[in-house]
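S.K.: sequence and predicted structure, then a few things I'm wondering about:
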Amino acid sequence: MLRITIELVPWGIESRAKVIATGTIANAGTGTPTSGDYRIELRDAAGRKWKSGSIAGFPRRRLLAWDLLYRALEKLVGNRNPSSDLPAFGDVIMATDNSQHKERINERPTPARHSQAT
């Protein structure tokens with residue numbers, strides 16, 4: 001089992017470190033010697049389950065634990081923090097005539113704000 005612990009260390013003072021999230025990646029016991037299946041749980045600072053899921057067919061002899069963690073986060077969290085060169089979660093990229101158009105899906109238009117006369 002892999003245990004992931006995220007700590008906040010204010011001003012780099014180790015004695016003030018506080019756990020703000022934890023996660024586990026556990027072997028499900030259903031893979032093969034070269035291809036592993038894993039159960040994933042991510043928890044908040046209070047220990048409450050935030051997300052859970054599984055990874056099947058991970059090439060455990062070819063890749064590292066960091067690769068397994070990356071796949072777990074990609075599957076359970078997705079792309080929540082896009083950069084300018086990556087689309088946001090929920091964006092649909094539409095290519096037309098060698099140009100790209102980005103559109104948000106499932107997003108309601110913002111109502112116009114009217115100024116109030118006093």
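M.R.: Perfect, I can see it now. Numbering: from 1, shown residues only.
S.K.: which residues are in contact with stretch 23-38?
M.R.: By C-beta atoms under 8 Å, 6 or more residues apart in numbering, the residues outside stretch 23-38 that reach it are 1-4, 39-43, 54-62, 68-69, 72. To be clear about C-beta, it is placed using only N, CA and C from the backbone, and glycine gets the same treatment.
S.K.: show me those residues that map onto helices.
M.R.: Those of the contacts of stretch 23-38 mapping onto helices are 68-69, 72, per DSSP state H.
S.K.: with those residues in mind, which one is nearest to Ile13?
M.R.: Comparing the ones in helices among the contacts of stretch 23-38 against Ile13 with C-beta to C-beta places Leu69 closest, at 26.4 Å.
S.K.: okay, that closest one: pLDDT?
M.R.: Looking at Leu69, its pLDDT is 96.
S.K.: burial measure for it, as a count.
M.R.: The tally of other residues near Leu69 (other C-beta atoms under 10 Å) stands at 15.
S.K.: identify the residues contacting it.
M.R.: When contacts are counted by C-beta under 8 Å, 6+ apart, Leu69 touches 2, 4, 25.
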